[in-house]
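Peer 1: Got a sequence here, can you model it:
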Amino acid sequence: MTKHDYDAIIVGARCAGAATAMLLARKGHRVLLVDRARFPSEIPHGHFIHRDGPPRLARWGLLNRIVASGCPPVTSLTFDLGDFPLSVQNVELDGIAWGYGPRRGPFDQILIDAATTAGAELRQGVAVDSVLMDEKRVVGVSVVGSTRITSRLTIGADGKHSRVAQAVKAPTYESVPTLMCWYFSYFRALPTTSFEIYVVPGRQAVFVHPTNDSATAVLVGWPIDEFASVRLDLEARFMAALDLVPSLGQRVRSSQRVERIYGTGDMPNFLRKPFGQGWALVGDAGCHKDPFRALGMSDALRDAELLAEAAHQGLSGNEPLESALARYELQRNEATLPAYHENLHAAQLEPISPDLLRLRQALRDSPSDTIQFFLARDGRIPSEAFFNAPNLERILGSTRPSPGNGSISGSVEVRPSVRSAAPG
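Peer 2: Numbering: from 1, shown residues only. All right, here's what the predicted structure looks like:
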């Protein structure tokens, strides 16, 4: 058997890559983590973790470190879909908050520290020059300076423009062109403990959440057709978008912006085939989507766990590596595609479903039901625990649609429309 320098080389040491390295190292594998950046360092990406992300981080023993970094837990939500602000507090389960918005500098460093503590080797400030091939099989990488490093498995965790994916010509599928452009910045003295969403159908979406160091992140998204005009007068357009929510505009104008406005119109939606002979992809390298529903970081952590388990089975000789990685693709797609399609729908800023608007109205005076709605919406409790006919009939009561107009409680077509139209 050919001797390799490592069991796995992971190109990209941020969210997906560092998590994969940590999990493989914890299983006893020889792991090299390579990144051209030096850490800790920021990247101009959104950074909110919800859905199954917080429970997964708690299970890995990292959630307390994230809070200790100065990132507050988020248990309050305000969602305004152009009708009214639906607000609720104390959204948590088993002592774990609904979400967390850590800055990428401290968050990525926490994952890297966990990976190196587990035994992974980190080489930072090192750029990968090429992927090494032995006939059709990837056998490692070459870094700038012509150093060749071999591995049994090479993992690309190097983002949406992954060089690993390009080198192996990984096919894409479920591809949809960019739907929105997004810009964001950070503000001090902008008091909020909530995750806030304000959607103006057809026009824009605004997200607000607390983050590290008592700062607040404010993000604005417009249809991609407006990208050029937004860039022409970015600060004015950014503030004008906030002024469409008068209370928010006033709060932001009375605060202090502490960083420049970051953003991009490069937000393609796709899945890539995430494995082949001697290689795999994880995180944005394997699946990228519009940030409307803040899926990226939580999905990256989930897929790191799926990939690490599959790679472990193959590297340990429990089954052929390629068959284990094929299972990883199936599991990833099964977990990803429903939310991926819902996110595409939301990012088109289409009119909100009348069924959802009726449900929101019914939830307005029921905090306990609203909490269950958001927990079910995010998969923290089984969807059917909330979205079942008897429960929806109980909540809707006299606001239930009349027969023939589509009933939330009785139509199998209505429940998905209620769920898929709800951002967040």
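Peer 1: Could you use CA atoms for every contact and neighbour count after this?
Peer 2: Fine.
Peer 1: quick one, what contacts Asn357?
Peer 2: Let me fix one detail, which is that residue 357 is Leu and not Asn. Asp83 (CA atoms under 8 Å, 6 or more residues apart in numbering).
Peer 1: Any buried residues in the helix or strand encompassing it, and which?
Peer 2: Here Leu357, judged by DSSP states H and E, is contained in helix 354-363. Buried residues in helix 354-363, counted by 16 or more other CA atoms under 10 Å: Asp355, Leu356, Leu357, Arg358, Leu359, Arg360, Gln361, Ala362, Leu363.
Peer 1: pretty sure Ala280 is in contact with Arg152, am I right?
Peer 2: No - Ala280 lies out of contact with Arg152 (CA atoms under 8 Å); the separation is 11.1 Å.
Peer 1: When the two are compared, which one has more neighbours?
Peer 2: Remark: of Ala280 and Arg152, Ala280 carries more neighbours, 29 against 22, as counted by other CA atoms under 10 Å.
Peer 1: Could you check which helix or strand contains the more buried one?
Peer 2: Taking DSSP H and E as the criterion, Ala280 maps to strand 279-281.
Peer 1: helices or strands next to that strand in the packing?
Peer 2: strand 147-156 (3 or more CA pairs under 8 Å, 6 or more residues apart in numbering; DSSP states H and E).
Peer 1: now do 10 Å
Peer 2: strand 6-11, strand 137-143, strand 147-156, helix 163-168, helix 296-315, helix 321-347 (3 or more CA pairs under 10 Å, 6 or more residues apart in numbering; DSSP states H and E).
Peer 1: Just give me the closest of the buried residues of helix 354-363 to His4.
Peer 2: For these, the closest approach to His4 (CA to CA) belongs to Leu356, at 55.0 Å.
Peer 1: quick revisit: which one of the helices and strands packed on strand 279-281 is the most hemmed in?
Peer 2: Across these, averaging neighbours per residue (mean count of other CA atoms under 10 Å) puts strand 6-11 on top, at a mean of 26.
Peer 1: I'd like to know which elements it is packed against.
Peer 2: Using 3+ CA pairs under 10 Å, 6+ apart as the contact criterion, the elements in contact with strand 6-11 are helix 15-26, strand 31-35, strand 121-124, strand 137-143, strand 147-156, strand 279-281, helix 296-315.
Peer 1: Export those as a markdown table, with columns for distance to Phe207 and mean pLDDT.
Peer 2: A markdown table is the format used below for the helices and strands packed on strand 6-11 (distance: least, CA to CA, whole Å; pLDDT from 0 to 100):
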| stretch | distance to Phe207 | mean pLDDT |
| --- | --- | --- |
| helix 15-26 | 21 | 98 |
| strand 31-35 | 30 | 98 |
| strand 121-124 | 33 | 97 |
| strand 137-143 | 39 | 96 |
| strand 147-156 | 30 | 96 |
| strand 279-281 | 29 | 98 |
| helix 296-315 | 15 | 98 |
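Peer 1: that older thread, how about the helices and strands packed on strand 279-281 in a markdown table, adding distance to Ile66?
Peer 2: Output for the helices and strands packed on strand 279-281, formatted as a markdown table (distance: least, CA to CA, whole Å):
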| stretch | distance to Ile66 |
| --- | --- |
| strand 6-11 | 23 |
| strand 137-143 | 32 |
| strand 147-156 | 25 |
| helix 163-168 | 30 |
| helix 296-315 | 14 |
| helix 321-347 | 25 |
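Peer 1: Any idea which of the ones you listed gets closest to Ala114?
Peer 2: helix 296-315 (13.6 Å).
Peer 1: orientation of the closest one relative to helix 15-26 in degrees?
Peer 2: Counting by axes from the mean of the first three to the mean of the last three CA atoms, to 10 degrees, helix 296-315 lies at 30 degrees to helix 15-26.
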